[in-house]
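**Student:** My questions are about this predicted structure, shown below with the sequence.
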Amino acid sequence: MLAHKLTLAACMCIQLGVALGQDASPTKSTTAPPAPTLTDSQRAFLSTVARRTVRDAFLKRPVYELSYVPSALRDLSLEVVVRLRLRGYLLAHAAAGPKPIAYAVRDGALSIGQAVQHDATIDLATVNRMLIEIEAVGASAPIIVSGDWTAPGALDGLIDPGVHGLSLRGARFRHRICPTELYTTDLTLDEALRRLVRENQVNPSDLDDVELSRFRTAHWYEPRTGGDIVALSCGMTHVPLKAVTPAGLDQTISTVAEYMRYRQLDSGLFAYQFEPGHDRYTHDNSTVRQVGAAVALAFHAASTGNASSRKSADIAIRGQLKGLTNLPGVADASYIATPDAKNSLGATALVCLAMGVHPNRAAYAVDRDRLVRAILSRQRPSGMFLTAFPPNVTVNAQDYYPGEALLALAVHYSLQPSSRALDAFDHAVNFYRDYFRDTPSPVFVPWQVQAYSIMARQSKRADFRKFVFDMTDRIVALQLDSSNCDRPELFGGIAATNSGRPNFATAAYLEAMADALSLARTTENQTRIERYERAVRRAARFVMQLQMRPEEAYFVRSAQDAVGGIRTSPALNLLRIDHCHHALVGLIKARKALFPGDG
């Protein structure tokens, strides 16, 4: 088919077919103008125009003449991009305008209809099943930035990937990348900028001689003849806050767990990352993240009684226990020797945790006890943990591995209370409280909050409870809502990075905030309870938003490998297994914390 003849460059960038003299002058503003505003009925009308034009062009009929155009569209002149897809494959695309939008859509559709009319594998029935996608390009505004704007991170805060498109204009060229082309090809902003410069042969020393602009688009598609119009923002359909109900959470939890099980291999490991835009799995891997997936499915099995998740967790745990290795110098202690020979504390801790949260945890008691002894051996008198097992000696990854170790110990303590485990927390709280005060990294919070939430409830220690609330308050303060963000699809996300853009890490923060909410319910501080309830509900909405739904996988050739997965961020569709792990656990905990009396 014609789809197989497309090159990556053809899929990636569209050179708008208009003379430079026809281009409307970019808006002189430091902020991007809004996207074109179109009603549902106007989108439906324009899709009908495109569909009729494509069908007529395929049948070699005279060009469709527009006998009627709604009055609101007659004076709306825009550039448009029209794309034709079948089962995720991009068959053809064309740009037209600027001109009255109905005629721009017709002209773009005419080009793609003519492009497929000579393909002998396509008949009229196939044309009627094709998806027609339309992207209406709004006005552009120059980006005011000093220095080299191609440097990594140079445009952070100025460009929202998936929302803003990029336009590069020189004396003899103008090249645009629409917002959709970022998230349907799994391109990062930095990669897109480099692509623009390279494909237009712009010398880095001549950046001052070209104009970089940003713009927004209105984006929608009709899935087939007569199908309902699907309007997208950043490639997503909006998940409202009211969707955070027991039924809504249960549905998302179920589909994430099912997707994770689908990704499991015979070895017990999981396919690490799927790239929808390239229709491929990567060869990357991480032992710690692999074990995290086992934790999530064991937790799901224990929380819901799901037999399939229980079986999947058993297979994953047994696969990891093949690395069980005696720890020299410590009686009855073992760690997990990892394939990369790094033997990280995190890998051992998460295997221990998976066995502790598993519904048949008694079956793993002996091995869990051995791992607990090994974990305890890593703690120094200061309370700090070494973060690897022999032959490695390191203190790296203090933001992650000690928290994972403490959570494994906390779960073990809840099953088998011991003074040795409590002493470990007593020493750790002093060291890591000071550590967080001196370097308050948000990524430190999720594991530590979960661990100390358990111990605060078990031991009734006020200092443990205060540590939990101090860390959680820092995270809640980073949450986006209508007071600090103008994009509803981002509401509830935790903007913990320098870019200010929330991503999948919100799922890990949700795990912590949900546990903190459950702990807060044991106090009489109603103000804190209500604040945490709002934060958990909003974060759960954002995590639900990150899940790829069928209507958002319109560009994916292997939809079963994408639908149900959790994106890296709203504009980056990389579906990594640990994104699903944190989402599954976070949503289960949110379900319990928000609706403690419901199931």
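**Tutor:** Right, received. Where do you want to start? Numbers count the residues shown, from 1 in each chain.

**Student:** all strands for the stretch 201-350 of the chain, in order.
**Tutor:** Assigned by DSSP state E, counting those that start in this stretch, the stretch 201-350 of the chain shows strands spanning 211-222, 230-232, 273-275, 280-281, 324-326, 334-336.

**Student:** most packed of the ones you listed?
**Tutor:** With neighbours defined as mean count of other Cβ atoms under 10 Å, the strands of the stretch 201-350 of the chain peak in mean count at strand 334-336, which reaches a mean of 25. Yep, even glycine has a C-beta here, placed from its N, CA and C like the rest.

**Student:** helices or strands next to that one in the packing?
**Tutor:** On a contact count with 3 or more Cβ pairs under 8 Å, 6 or more residues apart in numbering; DSSP states H and E, strand 334-336 meets strand 324-326, helix 345-357, helix 365-377.

**Student:** So for the last one, mean pLDDT?
**Tutor:** Mean pLDDT, helix 365-377: 98.

**Student:** Now the element after that helix, going C-ward?
**Tutor:** Sequence-wise, the next helix or strand downstream of helix 365-377 (DSSP states H and E) is helix 401-415.

**Student:** what does that following helix contact?
**Tutor:** Contacting residues not belonging to helix 401-415 are listed as 288, 344-346, 348-350, 352-353, 356-357, 361, 368, 371-372, 375-376, 378, 384-385, 387, 421-422, 424-425, 428, 432, 444, 446-448, 450-452, 454-455, 458 [Cβ atoms under 8 Å, 6 or more residues apart in numbering].

**Student:** what's the neighbour count on the closest residue in space to residue 444 that isn't next to it in sequence?
**Tutor:** Spatially, and ignoring its direct neighbours in sequence, residue 444 is nearest to residue 399 (4.4 Å; Cβ to Cβ, 6 or more residues apart in numbering). Residue 399 has 18 neighbouring residues, counting by other Cβ atoms under 10 Å.

**Student:** now do residue 359
**Tutor:** Per other Cβ under 10 Å, the neighbour tally for residue 359 reads 20.

**Student:** one step back: out of the contacts of helix 401-415, which are buried?
**Tutor:** The neighbour-count test (16 or more other Cβ atoms under 10 Å) applied to those identifies 288, 344-346, 348-350, 352-353, 356-357, 361, 368, 371-372, 375-376, 378, 384-385, 387, 421-422, 424-425, 428, 432, 444, 446-448, 450-452, 454-455, 458 as buried.

**Student:** and the residue lying closest to residue 385 once chain neighbours are set aside, how far is that from residue 352?
**Tutor:** Leaving aside its sequence neighbours, residue 385 sits nearest to residue 402 (Cβ to Cβ, 6+ apart; 4.1 Å). Relative to residue 352, residue 402 is positioned 14 Å away (Cβ to Cβ, to the nearest Å).

**Student:** Equivalent analysis for residue 543, please.
**Tutor:** 26 Å.

**Student:** Just tell me which of the helices and strands packed on strand 334-336 ends up closest to residue 253.
**Tutor:** helix 345-357 (15.1 Å; Cβ to Cβ).

**Student:** Please save the CA atoms from the closest one in PDB.
**Tutor:** Taking Å, rounded to 0.1, in the frame of the first residue of the first chain, the C-alpha atoms of helix 345-357 are listed here in PDB:
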ATOM      1  CA  LEU A 345      19.600  -2.100  47.000                       C
ATOM      2  CA  GLY A 346      16.500  -1.100  45.000                       C
ATOM      3  CA  ALA A 347      16.200  -4.400  43.200                       C
ATOM      4  CA  THR A 348      16.400  -6.400  46.400                       C
ATOM      5  CA  ALA A 349      14.000  -4.100  48.200                       C
ATOM      6  CA  LEU A 350      11.400  -4.300  45.500                       C
ATOM      7  CA  VAL A 351      11.500  -8.100  45.300                       C
ATOM      8  CA  CYS A 352      11.000  -8.100  49.100                       C
ATOM      9  CA  LEU A 353       8.200  -5.600  48.700                       C
ATOM     10  CA  ALA A 354       6.500  -7.700  46.000                       C
ATOM     11  CA  MET A 355       6.500 -10.700  48.200                       C
ATOM     12  CA  GLY A 356       5.200  -8.700  51.200                       C
ATOM     13  CA  VAL A 357       2.200  -7.300  49.300                       C
END
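
**Student:** Quick one: list the elements packing against that helix.
**Tutor:** Packed next to helix 345-357, using 3+ Cβ pairs under 8 Å, 6+ apart, are helix 287-304, helix 307-321, strand 334-336, helix 365-377, helix 401-415.

**Student:** on contacts alone, who are the packing partners of the second one?
**Tutor:** Applying 3+ Cβ pairs under 8 Å, 6+ apart, one finds that helix 307-321 makes contact with helix 246-262, helix 287-304, helix 345-357.

**Student:** Alpha carbons of stretch 379-391, in PDB - could you do that?
**Tutor:** Extracted in PDB, the C-alpha atoms of stretch 379-391 (Å, rounded to 0.1, in the frame of the first residue of the first chain):
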ATOM      1  CA  GLN A 379      22.200   0.600  57.000                       C
ATOM      2  CA  ARG A 380      25.000   2.500  58.600                       C
ATOM      3  CA  PRO A 381      25.100   3.800  62.200                       C
ATOM      4  CA  SER A 382      24.100   7.300  60.900                       C
ATOM      5  CA  GLY A 383      20.900   5.900  59.600                       C
ATOM      6  CA  MET A 384      22.000   6.100  55.900                       C
ATOM      7  CA  PHE A 385      21.800   3.100  53.600                       C
ATOM      8  CA  LEU A 386      24.400   1.900  51.300                       C
ATOM      9  CA  THR A 387      22.700   1.400  48.000                       C
ATOM     10  CA  ALA A 388      24.300  -1.800  46.600                       C
ATOM     11  CA  PHE A 389      25.400  -5.300  47.500                       C
ATOM     12  CA  PRO A 390      28.800  -6.800  47.100                       C
ATOM     13  CA  PRO A 391      31.100  -6.500  45.300                       C
END
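
**Student:** Name the residues that touch that stretch?
**Tutor:** So stretch 379-391 is contacted by 325, 327-328, 335, 337, 342-346, 348, 374, 378, 393-398, 401-402, 405, 424, 427-432, 435 (Cβ under 8 Å, 6+ apart).

**Student:** for stretch 306-317, same thing?
**Tutor:** Contacts with stretch 306-317, where a contact means Cβ under 8 Å, 6+ apart, come from 257-258, 260-261, 264, 268-270, 290-291, 293-294, 297-298, 300-301, 351, 354-355, 358-360, 364.

**Student:** With stretch 233-244 instead?
**Tutor:** Contacts of stretch 233-244 (Cβ under 8 Å, 6+ apart): 160, 162-163, 179-180, 183-184, 219, 230-231, 487-489, 491-492, 537-538, 540-541, 544-545, 549, 551-552, 570-571, 573, 590, 594.

**Student:** No further questions, thank you.
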